[in-house]
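Colleague: no sequence on this one, just coordinates:
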């Protein structure tokens, strides 16, 4: 998890979609599926980012969450692991 988070801070990492040459940086892709939707529907005070006081809904992935080779290791809902 920590390696992925650190790697996401390096905006040189990118994802390509199919045959298109469009690039999206992993950091921006992660925000597009977390904080941006939460802001859009007005619940960013509860979800969308990892901050004290917010719901602890977390998926921990070994590898990139944007690649098929990424393996989900843990899922937490309200801070409790779901098996």
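Modeller: Nice, I can see it. These numbers were taken from a predicted model, which means no experiment stands behind them.
Colleague: what pLDDT does the residue nearest the centre of the chain get?
Modeller: Most central residue of the chain, judged by C-alpha distance to the mean C-alpha position with C-alpha atoms, centre = their mean, is residue 30 at 4.2 Å. With respect to pLDDT, residue 30 has a value of 87.
Colleague: packing partners for the helix or strand hosting it?
Modeller: In this structure, residue 30 is located in helix 26-32 according to DSSP states H and E. Helix 26-32 is packed against helix 2-9, strand 14-16, with contacts defined by 3 or more C-beta pairs under 8 Å, 6 or more residues apart in numbering; DSSP states H and E. Heads up, the C-betas are built off the backbone N, CA and C, glycines and all.
Colleague: List the buried residues of the longest strand seen in the chain.
Modeller: If each strand of the chain is counted by residues according to DSSP state E, the longest one is strand 71-77. Within strand 71-77, not a single residue qualifies as buried, counting by 16 or more other C-beta atoms under 10 Å.
Colleague: try stretch 45-65
Modeller: Neighbour-count burial for stretch 45-65 flags 47-48, 57, 61, 64-65 (criterion: 16+ other C-beta under 10 Å).
Colleague: again with stretch 27-36
Modeller: Judged by neighbour count (16+ other C-beta under 10 Å), stretch 27-36 contains these buried residues: 27, 29-31, 34.
Colleague: With that, I have no additional questions.
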